[in-house]
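Participant: Next input, structure requested:
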Amino acid sequence: MEALPEFELHRPATIAEALAALAGDKAARLVAGGTDLIVNMRRGLVEAPHLVDLGGIAELRKIALNGATLTIGTGVTLDRLANDAAVAQGFPAIAQAAAAVAGSTHRHVATVGGNLCLDTRCLFYNQSEWWRQSNQYCLKYRGDICHVAPRGTQCFAVFSGDLAPALLVHDAAVTIAGPAGMREIPLADLYRGDGIDYLTLAPKEIVTAVTIAGGGGLASAYRKARIRGAIDFPLAGIAVALQIDDGVVRALRAALTACDTKPFLVTGLEDFTGETLNEDTARAFGEAVQRQARPMQTTTATPWYRRRVVARMARRLLLDLAVR
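Facilitator: Predicted structure coming up:
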């Protein structure tokens, strides 16, 4: 890994000042905790002569529960989110996902916004400059071939953030500030299925907050598989939210990460509404999840293994939630 290249740091105190700093240079990049961006800069993957530090903007660091509506600023650290009592009680999957990210040192500086906007990852991309050059550059960086799917024209770099699926099962929305003003969109609409151009943000926009309008009586949980028990990005991750009444499923949601170029909600789960929750139901649920998981060879683990493991995690999570 190379030394960090020179850059100019801007430290705005408000969102308006941050937008002005972004407008001043088309190559300016946002930074909060920097746990992903700084590494990518040292690897030569990102060139950013100007960094706009969001750490001094107080309004991005708020967690507020007003009635049944939870609002999380994107400058909130993952450690704080993981240990927030209101979040852990009302939206446990979110607290669990935050606690599962990287290691303790990372979580004390890494932020909600950084994890939601995390760059997509691939075995052929997240390497040193000499490695990438020696093995031929890829579509995501200066090349004209995807080493994962050489006959295709799409980049399959995988989205590996932990928070997104936990927020998706709680029907989260995000607030976005930009030159054209403020707007709110469903979190699912923040992402597109492209490993290179993976966010739908317009130029110079900032994700400022996440909002969940009510828990809806859902129990939820998050689980991920990774090479080591800490620090590593997920090979596959799943969040499940369940409403159950006298052993009968009333509502069921699931969302996946590290199984495609974007995080996504599993579709067709309304078919489980009205079903008695038992081992057979859980097995069928796991199979439904497995059919929609589409990992490619973007890590050292095989796609076959990642599909199998996400199905097992889905089944176990559902059975665990049924007895809580």
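Participant: Can you point out the buried residues in stretch 121-128?
Facilitator: For stretch 121-128, the neighbour count (16 or more other CB atoms under 10 Å) marks 121-127 as buried. To be clear about C-beta, it is placed using only N, CA and C from the backbone, and glycine gets the same treatment.
Participant: what sits against L4?
Facilitator: 38, 41-42 (CB atoms under 8 Å, 6 or more residues apart in numbering).
Participant: out of those, which are buried?
Facilitator: The neighbour count (16+ other CB under 10 Å) marks 41-42 as buried among the contacts of L4.
Participant: and which of the contacts of L4 is nearest A23?
Facilitator: The closest of the contacts of L4 to A23 turns out to be M41 (CB to CB; 21.5 Å).
Participant: Within the helices and strands, which one has that closest one?
Facilitator: Per DSSP states H and E: M41 is located in helix 37-42.
Participant: That helix - contacts with which helices or strands?
Facilitator: Judged by 3 or more CB pairs under 8 Å, 6 or more residues apart in numbering; DSSP states H and E, helix 37-42 is in contact with strand 29-31.
Participant: name the helices or strands packed onto the strand it packs on?
Facilitator: If you count contacts as 3+ CB pairs under 8 Å, 6+ apart, strand 29-31 packs onto helix 37-42, strand 50-53.
Participant: coming back round to it: for the buried residues of stretch 121-128, could you give me JSON lines that also reports secondary structure?
Facilitator: As requested, the buried residues of stretch 121-128 are exported to JSON lines (DSSP: H, G, I helix; E, B strand; the rest coil):
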{"residue": "R121", "secondary structure": "strand"}
{"residue": "C122", "secondary structure": "coil"}
{"residue": "L123", "secondary structure": "coil"}
{"residue": "F124", "secondary structure": "coil"}
{"residue": "Y125", "secondary structure": "coil"}
{"residue": "N126", "secondary structure": "coil"}
{"residue": "Q127", "secondary structure": "coil"}
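Participant: okay if I get those as JSON lines plus distance to H147 and pLDDT?
Facilitator: What follows is the buried residues of stretch 121-128, written out as JSON lines (distance: CB to CB, whole Å; pLDDT from 0 to 100):
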{"residue": "R121", "distance to H147": "14", "pLDDT": "98"}
{"residue": "C122", "distance to H147": "8", "pLDDT": "98"}
{"residue": "L123", "distance to H147": "8", "pLDDT": "97"}
{"residue": "F124", "distance to H147": "4", "pLDDT": "97"}
{"residue": "Y125", "distance to H147": "9", "pLDDT": "98"}
{"residue": "N126", "distance to H147": "13", "pLDDT": "97"}
{"residue": "Q127", "distance to H147": "11", "pLDDT": "96"}
